[in-house]
Structures are given as structure tokens and as C-alpha cells.
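Sequence plus predicted model, see below.
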Amino acid sequence: MGAKESRIGFLSYEEALRRVTDVELKRLKDAFKRTCGLSYYMGQHCFIREVLGDGVPPKVAEVIYCSFGGTSKGLHFNNLIVGLVLLTRGRDEEKAKYIFSLFASESGSYVIREEMERMLHLVDGKVPDTLRKCFSEGEKVNYEKFRNWLLLNKDAFTFSRWLLSGGVYVTLTDDSDTPTFYQTLAGVTHLEESDIIDLEKRYWLLKAQSRTGRFDLETFGPLVSPPIRPSLSEGLFNAFDENRDNHIDFKEISCGLSACCRGPLAERQKFCFKVFDVDRDGVLSRTELRDMVVALLEVWKDNRTDDIPELHTDLSDIVENILNAHDTTKMGHLTLEDYQIWSVKNVLANEFLNLLFQVCHIVLGLRPATPEEEGQIIRTLETDQRYSTNF
């Protein structure tokens, strides 16, 4: 299981292409280009993260990368296609050949027991008891004997279990009759399927700017600030990061944009509430309200020139006035419902909604739903220089 040249010589690139549709190949090429840029090579970290995903044991993932032909330079697109076809559409016979090649000697004609046990210790930390049956007639076996043992003992070690016993969750594309990923997202959001397809392209472009390969706060912050004040960037990020794993996946950005821009007013207000609910306890404390008012006043001064009473009111008085009028629990905080009632007619809250609307369309890539929205976005682009730094 070493870092050697591709161990899938028995499956050619031409044969692999025959098992992939033209549509699938185009999507794979587009995804590869988005991830790797102009290079024809994908690095090991990127391959493990973007192709295999979290469901593959780390040491198995390293073995796969090397055995596909991955080097310090990267993994060539052609080798990636061959490997993906083997994993997703390979026959058990082909997978058995692949596993045999991982343990085989340099000549590729047999597996030596001592070497296989050494490799299994490195990857699994142990040697399966059933291995003695494989080597019952000697210290090395040819492919036929190895295959016969392997197909009867698919769960013998991590790699065989993952590859032969239904553990592979890697897919090329979804070609089933069930709803597509885009259709599913459209069904649970206020977005059209075409919106989601366009969003996916923008998402991968934004994510490609990440130093870590994830759409994390470090990547998100500079994209939205300006025009979003730095004091609000983390709260906005958290509003998108629904599962709190410190990065925004494509489903999260789609659902967040839907809630922020396409949903009914109550849903848009709920999204804003999440921005200000820093500790995510479902209420806005006095401290959070104070920070919210400071941020909203900054937003107003950044975007508007007209005068409002709040600009001449003490900050503590504004907070107390909000609590006195809208704290229905009388516990010194606002619930979501309290916030929605307060914000529905408040000019500061509505200006923040307008700012988020612009950011979601101009920076994050949501397509305007109507000609009126498109005109609004174009006017913003023509007059607001803050957005030019995001492109």
C-alpha cells in the first residue's frame, strides 16, 4: 500500500469513459476545473476532502490517493476518472484485482504474507485472524488464491470492508429517477432549480479562494466586508452556518440566501435575529441588543444620509426603550417573536435587511427574482464602490 504509480492498469481510461455518460463527464470536468483551476492535477488534501469525503477512513484515503497514481505533484484528471469508475462502477473482480495490486510484489504476480501483515499493521493496527487461511499453503499467494479468499472474507480488513461490503459512498453523479440535489433544495427553499444551479457555480468560485479549502469565516469575512461591517461578519457567518461546524456548505448557503432574500418577512427577520444572537441561546440579551444597536447605527450611517432620532439618542436609552416596549417575558431580553414585532416597523432593522439583500445578490451570487430587483442591484453596483473589492 505504498506511494507507487497507479495500480489500476487493468482498467484503461478509454474503458472507464465507456462507463460514464457525456453529461457525467462534463460535470466531472467542470468540478475538477473549479477545484483545481487550470492545473490538470488535484492535490492529495483536496482529493481526500472533495472526492472521498469524511466517510472514508484517513489511512484508507491516503492509500487510495497513492494507488490511483497520486504524487507530490498531484493526481491527473485521467487517473481520477479511472479510479472513480473503479470505486463506483467496478465489478467485484476488478476491485479484487485492485486490492491484490496494493499488496503485491513489484512484479505484481504474488503477495508475500510478511509484507501484507506489515501493511495491515500500518493501516489497521492489526492482522485479521482469517488471513492465515489465505496463506495456508505457503508464505506467498498468487492472484487467483488471493481473490478466492478475499471474496469470501470481504470484511477481513478496513479497505476490503469499505470497498467490497457496501461502504463506498463516493458517487459520480446522481443518475437515478429520484429528485436531483437541485430539485430537493428547490423543494425546501424559496429558490428555483435554476437559481440553485447558478448559485453552485458562484459557491465553488468563492470557496476556491479559501486557504483551508473550506468556506470558513477566514474566507467569508473579506468577501462581505465591506460593505458589511467587520463587527457583523461573524454573526452573519453564524447565521449561515446552521450546523455549527465552522464552515458553510452549499446546502447552508442556499437555505440561508432563501431565508434572507426570498422568504416572507418573518423568515427574513428570523435570519437577521440569528446574526445578532451571538451565543445562539434563542434570545437577545441586553449586551447583544446593545451590540445590535451599535451595528445597526453604523449600517445606517454607512448607507443613508437622512436624519433619524436614534442618531441623537443615548445608546443605553435606545436599548431600554426596546426592552420596555417589546420584552414580553419581562426577563431583560427579546425572544425571536419580540424581535420580529420590534423590527417590522423599525427603520434601522429594515435598512439592515436591505444591506443583506444587496450582499446576498452582489457578493454571494443570488440571481434577482424580478426585473425590479435586478434594477435595484444594478443601481447599487453603479453607485456603491464598496462592492468592487469583492470581485
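Arrived safely. Residues are numbered from 1 along each chain as shown.

Point out where the chain drops to low pLDDT.
Counting by pLDDT under 70, the chain has low-confidence residues at 1-7, 37-38, 53-57, 165-186, 381-391.

Domain boundaries for it, per the record?
13-164, 181-390 (automatic domain parsing).

which residue is nearest the centroid of the chain?
Closest to where the C-alpha atoms of the chain average out (Cα atoms, centre = their mean) is Asp249, at 3.4 Å.

Which residue is the nearest non-sequential neighbour of that residue?
With sequence-adjacent residues excluded and distances taken as Cβ to Cβ, 6 or more residues apart in numbering, Asp249 is closest to Phe215, at 7.4 Å. In short, each C-beta sits where N, CA and C put it, glycine included.

three-state assignment of the one you found?
Using DSSP: H, G, I helix; E, B strand; the rest coil, the secondary structure recorded for Phe215 is coil.

so it makes contact with Lys207?
Yes: the criterion here is Cβ atoms under 8 Å, and Phe215 meets it with Lys207 at 4.6 Å.

In this structure, which helix is the longest?
helix 286-303 (DSSP state H).

For that one, buried residues please.
286, 288-289, 291-297, 299-300, 303 (16 or more other Cβ atoms under 10 Å).

Contacts only, for the nearest residue to Ala369 once chain neighbours are set aside.
Spatial nearest neighbour of Ala369, excluding adjacent residues (Cβ to Cβ, 6+ apart): Arg262 at 6.6 Å. Contacts for Arg262 (Cβ atoms under 8 Å, 6 or more residues apart in numbering) come out as 189-191, 369.

okay, these in TSV with secondary structure and neighbour count next?
Below are those laid out as TSV (DSSP: H, G, I helix; E, B strand; the rest coil; neighbours: other Cβ atoms under 10 Å):
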residue	secondary structure	neighbour count
Thr189	coil	19
His190	coil	16
Leu191	coil	24
Ala369	coil	15
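
Include distance to Glu114 when you put those into CSV, please.
Listed next are those as CSV, based on distance: Cβ to Cβ, whole Å:
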residue, distance to Glu114
Thr189, 57
His190, 62
Leu191, 58
Ala369, 66
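
Do a quick rundown of the strands in the stretch 151-300 of the chain.
For the stretch 151-300 of the chain, strands defined by DSSP state E, counting those that start in this stretch occupy the ranges 283-284.

what ranges do the helices span in it?
158-164, 181-188, 193-207, 217-224, 230-240, 250-257, 265-276, 286-303 (DSSP state H, counting those that start in this stretch).

by contact count, what packs against the longest helix of the chain?
helix 230-240, helix 265-276, helix 315-326, helix 347-362 (3 or more Cβ pairs under 8 Å, 6 or more residues apart in numbering; DSSP states H and E).

could these be laid out in CSV, adding distance to Gly83?
Shown next, in CSV, are the helices and strands packed on helix 286-303 (distance: least, Cβ to Cβ, whole Å):
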stretch, distance to Gly83
helix 230-240, 33
helix 265-276, 41
helix 315-326, 58
helix 347-362, 38
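
who wins for proximity to Lys140 among those helices?
helix 230-240 (55.6 Å; Cβ to Cβ).
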